[in-house]
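>>> using only what follows, build the 3D model:
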Amino acid sequence: MPELSWANVVNWLINHGIPILIIVVVGAILWFALSRFLPRFVRRAVGQTKYKESKEGLEKRTNTLLAIFKGMARVLIVIVVIIMVLDEVGVPIAPVLAGFGIAGVAIGFGAQYLIRDLIAGIFIILENQYRVGDVVRVADIGGLVEYITLRKTVLRDLDGIVHHVPNGEIKTASNFTRHFSRVNLNVSVGYGTDLDHAIGVINRVGKELADDKDWRQKIISPPKVERVDSLGDSGIEIKILGDVKPIQQWAVMGELRLRLKKAFDAEGIEIPWPHTKVYFGNPLPDFPKKKD
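Numbers count the residues shown, from 1 in each chain. A predicted model of the protein is given here:
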């Protein structure tokens, strides 16, 4: 073992310290360059995709891809820097890499689920099934996508609970906010209601909502009556449909319900509730007979 002296320390710093410093600085510069130029490259690539996306959709996909690419680049740069530093200080790299290879084969037999998650994550990203900021249902869990990696998807539900879902567990992914969202609402009115009048009031309220300066930017097509959906036990169900900007359907439906309640009260339109009529031996009312 060489004698520890100031001259030896200075000599080691000159021969090895400076190269190590250069390796670390080059790694930092490479990371800085990737952080600066990667967003431009990703935005340009996303903008040239063949799928038609809104501005908000392109921004979501860009942010999702940037988070994944930056994570992968960070890990790769750190690994390369560590290997080069070890080589510089005289640690044999070949046996280390061979050991990693043997360990990788051994671990591979027990890492089938991890490989499955990674492959599923690659297809989720390539097929653009959902992005950070989308509201989705995966593996029977619904929520806002907060983070995506090749291994897992992180969701936050309405209760604020964060769910970590391995990508390999996702068999079906339902995206509630892709391209556009839809108001899909049923309103019940009493059997004594004039349906033409009720339909006119509903369409008028939907049009007023779409023309409102505070809501027009969220609505693509005004909510309006699609059909009489069913004859229920207590009332007549009327189906209302309309297209809105992604993730705005719940806010628009809430405001529409509020305005419909006020309009129905003003117009004297009954919103029924479950009830039962009971006869205690009283004669049934006479129903009009069909004329021959």
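>>> can you map out the helices along the stretch 51-200 of the chain?
55-88, 93-110, 112-126, 195-211 (DSSP state H, counting those that start in this stretch).
>>> out of these, nearest to Arg156?
Nearest to Arg156 among the helices of the stretch 51-200 of the chain is helix 55-88; the distance by C-beta to C-beta comes to 15.6 Å. Every C-beta, even on glycine, is put in place using the N, C-alpha and C of the backbone.
>>> just checking, what packs against that closest one?
helix 18-47, helix 93-110, helix 112-126, strand 141-148 (3 or more C-beta pairs under 8 Å, 6 or more residues apart in numbering; DSSP states H and E).
>>> still on that earlier bit, what's the closest of the helices of the stretch 51-200 of the chain to Gly254?
Per C-beta to C-beta, nearest to Gly254 of the helices of the stretch 51-200 of the chain: helix 195-211, 11.1 Å.
>>> quick one: whichever helix or strand comes after the closest one to helix 195-211, angle?
Of the helices and strands lying after helix 195-211 in sequence (DSSP states H and E), the nearest is strand 224-231. Strand 224-231 and helix 195-211 are oriented at 140 degrees to each other (axes from the mean of the first three to the mean of the last three C-alpha atoms, to 10 degrees).
>>> can you start the count at 23 instead of 1 from here on
Okay, using 23 as the starting number, the last item reads as strand 246-253.
>>> let me see the residues that make contact with whatever helix or strand comes next after strand 246-253.
Note on strand 246-253: by DSSP H and E, the next helix or strand toward the C-terminus is strand 258-266. Strand 258-266 has contacts (C-beta atoms under 8 Å, 6 or more residues apart in numbering) with 202-213, 215, 217, 220-221, 224, 228, 232, 240-253, 274, 278.
>>> what's the answer for stretch 232-248, then?
Looking at what lies outside stretch 232-248 - C-beta under 8 Å, 6+ apart - the contacts are 202, 205, 207, 221, 224-225, 228-229, 231, 260-267, 270, 273-274, 277-278.
>>> the same query, at a cut-off of 10 Å, please.
202-207, 209, 217, 220-231, 260-271, 273-275, 277-278, 281-282 (C-beta atoms under 10 Å, 6 or more residues apart in numbering).
>>> sorry, back to before: just the buried subset of the contacts of strand 258-266, please.
Among the contacts of strand 258-266, those classed as buried by 16 or more other C-beta atoms under 10 Å are 203-205, 207, 209-211, 215, 220-221, 224, 228, 232, 240-241, 244-247, 274, 278.
>>> burial of Arg138, as a residue count?
Using other C-beta atoms under 10 Å, Arg138 is surrounded by 15 other residues.
>>> so it touches Pro188, yeah?
Yes: assessed by C-beta atoms under 10 Å, Arg138 is found in contact with Pro188 at 8.2 Å.
>>> list residues touching both of those two?
Contacts common to Arg138 and Pro188, judged by C-beta under 10 Å, 6+ apart, are Arg173.
>>> Gly49: what's it in contact with?
By C-beta under 10 Å, 6+ apart, Gly49 lies in contact with 99-100, 102-104, 106-107.
>>> so, low pLDDT: which residues of the stretch 23-172 of the chain?
Applying pLDDT under 70 to the stretch 23-172 of the chain flags residues 23-32, 34-35, 67-77, 79, 115-133.
>>> go again using 90 as the cut-off
23-151, 153-155, 161, 169-172 (pLDDT under 90).
>>> how many residues are close by the nearest residue to Pro245 once chain neighbours are set aside?
Of all residues not flanking Pro245 in the chain, Gly264 sits nearest, at 3.3 Å (C-beta to C-beta, 6 or more residues apart in numbering). When neighbours are counted by other C-beta under 10 Å, Gly264 registers 23.
>>> quick check: Gly264 vs Met275, distance?
9 Å (C-beta to C-beta, to the nearest Å).
>>> likewise for Gly39?
In terms of C-beta to C-beta, Gly39 sits 65 Å off from Met275.
>>> how about Ile183: what's its closest non-neighbour residue?
Ile183 sits nearest to Gly165 (C-beta to C-beta, 6+ apart), 7.9 Å away.
>>> great, nothing more from me.
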